[in-house]
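1. sequence-free structure coming up:
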């Protein structure tokens, strides 16, 4: 088949990484083109296929509006000339271009956030995108949601009737290969340590302030363990540093910074900790499972539960510490006071339980590897292939 992907850019973030994985899986089977909405940005992900850039982003409100019109027109010209069998787009802006370009191939949209919540924080722009979703999405052949909560949101809030749940694909072999690579020289000392690993920017959403407070409780029980946090510095970085210092953890909480390959550190970790207050679908949990590392996570919306359980119940239901197939779930953190909150204590208890119970830990390592295979590129992309090949009569 001849397939196009429409994505805003390839600079950074989950969508460019996803497109890189998808094109890599299909490179030997389909003729692939990747259409970038925004021209001129850096390309930090390798793509197996032709790359076509539409136009730069406008400099003011008029310029931005004009660039949208140009993108739709150029996408329509390109898709009609190329006669793609299917066009898959990523995110609301790309989805609108996909539908409005009227290219004749299969129109497949994908959403990667709980849109009613995200758009509510965007003011007028959010209300505009709400209208776009309600007006355009049912015109597509299929709308892919990457978590159950996203699918429920699209169906209940926006009235989308053609929604299907397909999780993100993961290159499990590539993750294993990268996990076997060497540690960065300045972090080589961690090979001798037992540590809990966490990843992401030091912002409010990742809940690292709560994680540090939970870790302080763990240290009282297991003095030798350390906590390693890898990711870009965010707005709460200094506050998290101060919290670690105030708890006497300056030497035990290691900030590894942004790593181009975090997988060696992840693979050596005793546990992965996901302390997020909210997520879309946390790919990093799947990556941890693929390396055989069990996970302790908040039961936040959305994703951790449906990844960590073989047959998950609804998202966001943990009211206490809950042992699951590939780790443990605890309630989402609430604001901290002068003493650790109930949720922070539960998170610490979950970490200690998995670190202490050797039989439970070994069972979870096996379950983690088994569960990760459900998210493999081959499994997930076969579902996308069915969407691309489907005829109206077969749906």
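-> Yep, that arrived. These numbers were taken from a predicted model, which means no experiment stands behind them. Numbering: from 1, shown residues only.
2. just checking, residue 379 touches residue 373?
-> Yes: using Cβ atoms under 8 Å, residue 379 is in contact with residue 373, at 7.1 Å. Every C-beta, even on glycine, is put in place using the N, C-alpha and C of the backbone.
3. what residues are up against the residue lying closest to residue 235 once chain neighbours are set aside?
-> Distances taken as Cβ to Cβ, 6 or more residues apart in numbering place residue 203 nearest to residue 235, at 5.8 Å, with adjacent residues excluded. By Cβ atoms under 8 Å, 6 or more residues apart in numbering, the contact list for residue 203 reads 234-236.
4. Just the buried residues from those residues, in ChimeraX please.
-> Buried residues among the contacts of residue 203 (16 or more other Cβ atoms under 10 Å), as a ChimeraX selection:
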select :236
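5. Looking at the contacts of residue 203, which is nearest residue 122?
-> residue 235 (18.7 Å; Cβ to Cβ).
6. A helix includes the closest one, no?
-> No: under DSSP: H, G, I helix; E, B strand; the rest coil, residue 235 sits outside any helix and is assigned coil.
7. Do I have it right that it meets residue 204?
-> Yes: if you go by Cβ under 8 Å, residue 235 and residue 204 touch, sitting 7.4 Å apart.
8. In contact with the residue nearest to residue 149 when sequence neighbours are not counted, which residues?
-> Of all residues not flanking residue 149 in the chain, residue 302 sits nearest, at 3.4 Å (Cβ to Cβ, 6+ apart). By Cβ under 8 Å, 6+ apart, the contact list for residue 302 reads 114, 147-150, 278-281, 315-316.
9. First-to-last residue distance for stretch 274-287?
-> 12 Å (Cα to Cα, to the nearest Å).
10. again with stretch 42-61
-> 23 Å.
11. what comes up buried for that stretch?
-> Neighbour-count burial for stretch 42-61, counted by 16+ other Cβ under 10 Å, picks out 45, 47-49, 52-55, 57.
12. which of those sit farthest apart?
-> 48 and 57 (25.9 Å).
13. where are the low-confidence patches of this protein?
-> 312-316, 391-395 (pLDDT under 70).
14. Just give me the longest strand of it.
-> Among all segments of the chain classified by DSSP state E, the strand with the greatest residue count is strand 31-38.
15. all strands of the chain, in order?
-> Under DSSP E, the chain gives strands at 2-7, 31-38, 50-55, 86-90, 106-111, 142-145, 163-165, 195-199, 226-230, 253-257, 271-274, 295-298, 322-324, 327-330.
16. and the third one, what does it pack onto?
-> Taking 3 or more Cβ pairs under 8 Å, 6 or more residues apart in numbering; DSSP states H and E as contact, the helices and strands that strand 50-55 lies on are strand 31-38, helix 61-82.
17. any idea of the angle that strand forms with strand 31-38?
-> For strand 50-55 against strand 31-38, the angle by axes from the mean of the first three to the mean of the last three Cα atoms, to 10 degrees is 20 degrees.
18. Tell me how far strand 50-55 lies from the chain's centre.
-> 25 Å (Cα atoms, centre = their mean, to the nearest Å).
19. since we're on residue 356, how many residues are nearby?
-> By the criterion of other Cβ atoms under 10 Å, residue 356 has 11 neighbours.
20. Could you number the chain from 5 rather than 1 from now on?
-> In the new numbering, first residue 5, that becomes residue 360.
21. Just list the residues touching it, thanks.
-> Residue 360 neighbours (Cβ under 8 Å, 6+ apart): residue 226.
22. Save the strands of the chain as JSON lines, and put in distance to residue 268 too.
-> Shown next, in JSON lines, are the strands of the chain (distance: least, Cβ to Cβ, whole Å):
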{"stretch": "strand 6-11", "distance to residue 268": "28"}
{"stretch": "strand 35-42", "distance to residue 268": "29"}
{"stretch": "strand 54-59", "distance to residue 268": "30"}
{"stretch": "strand 90-94", "distance to residue 268": "29"}
{"stretch": "strand 110-115", "distance to residue 268": "31"}
{"stretch": "strand 146-149", "distance to residue 268": "32"}
{"stretch": "strand 167-169", "distance to residue 268": "32"}
{"stretch": "strand 199-203", "distance to residue 268": "11"}
{"stretch": "strand 230-234", "distance to residue 268": "11"}
{"stretch": "strand 257-261", "distance to residue 268": "11"}
{"stretch": "strand 275-278", "distance to residue 268": "14"}
{"stretch": "strand 299-302", "distance to residue 268": "18"}
{"stretch": "strand 326-328", "distance to residue 268": "26"}
{"stretch": "strand 331-334", "distance to residue 268": "21"}
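23. Pick the most deeply packed of those strands.
-> strand 299-302 (a mean of 28; mean count of other Cβ atoms under 10 Å).
24. and that strand, what does it pack onto?
-> Using 3+ Cβ pairs under 8 Å, 6+ apart: strand 299-302 touches strand 275-278, helix 287-294, helix 308-312, strand 331-334, helix 346-360.
25. Identify whichever of those lies nearest to residue 20.
-> helix 287-294 (12.4 Å).
26. for the closest one, packing partners?
-> The contact analysis (3+ Cβ pairs under 8 Å, 6+ apart) places helix 287-294 against helix 176-183, helix 267-272, strand 275-278, strand 299-302, helix 308-312, helix 362-376.
27. of all those, which gets the most neighbours per residue?
-> Most buried among the helices and strands packed on helix 287-294, counting by mean count of other Cβ under 10 Å: strand 299-302, with a mean of 28.
28. in its sheet, what does that one sit against?
-> Here strand 299-302 has these sheet partners by DSSP bridges: strand 275-278 (parallel), strand 331-334 (parallel).
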